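Asks: I'd like to go over a predicted model; first the sequence, then the structure.
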Amino acid sequence: METVKIEIQNEQEKKVLLAFLKSLNYRFSMDNDAPIISDEHMQELARRKADLLSGKTSSLPWTETK
């Protein structure tokens with residue numbers, strides 16, 4: 001089995017695609033709850049991870065974080 005991810009742009013596209021898949025008797029599932037993360041946010045997360053791994057950030061003990 002293979003997985004194909006399709007980013008649907010609007011409801012009309014969704015209806016057409018679902019009708020097509022149903023007409024071919026394809027089994028499919030939809031993941032409507034997938035988080036949407038912007039490119040800017042992904043870049044920020046990558047920067048923070050790099051900073052953490054390189055030791056550029058500091059952290060507090062859990063007892064002080066509470």
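Replies: Right, received. Where do you want to start?
Asks: Okay, now the unreliable bits of the protein?
Replies: Low-confidence segments of the chain (pLDDT under 70): 33-34, 66.
Asks: Can you tell me what sits against the longest helix along the chain?
Replies: For the chain, the helix that runs over the most residues, judged by DSSP state H, is helix 39-54. The contact list for helix 39-54, computed with C-beta atoms under 8 Å, 6 or more residues apart in numbering, reads 37, 57. For every residue, glycine as well, the C-beta is placed using N, CA and C.
Asks: Starting from that helix, tell me the next helix or strand along the chain.
Replies: Downstream of helix 39-54, the next assigned helix or strand under DSSP states H and E is helix 62-65.
Asks: Packing partners of that following helix?
Replies: If contacts are counted by 3 or more C-beta pairs under 8 Å, 6 or more residues apart in numbering; DSSP states H and E, helix 62-65 sits against no helix or strand.
Asks: From the chain's centroid, how far away is that helix?
Replies: 31 Å (C-alpha atoms, centre = their mean, to the nearest Å).
Asks: Return that helix as CSV; C-alpha atoms alone will do.
Replies: This file holds the C-alpha atoms of helix 62-65, laid out as CSV (Å, rounded to 0.1, in the frame of the first residue of the first chain):
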residue,chain,number,x,y,z
TRP,A,62,11.9,22.2,36.3
THR,A,63,11.6,23.2,40.0
GLU,A,64,12.2,26.9,38.9
THR,A,65,9.9,26.6,35.9
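Asks: and it, which residues are buried?
Replies: By neighbour count with 16 or more other C-beta atoms under 10 Å, helix 62-65 contains no buried residues.
Asks: same question, stretch 50-66
Replies: Within stretch 50-66, judged by 16+ other C-beta under 10 Å, no residue is buried.
Asks: need the contact list for residue 62.
Replies: Going by C-beta under 8 Å, 6+ apart, the list of residues near residue 62 is empty.
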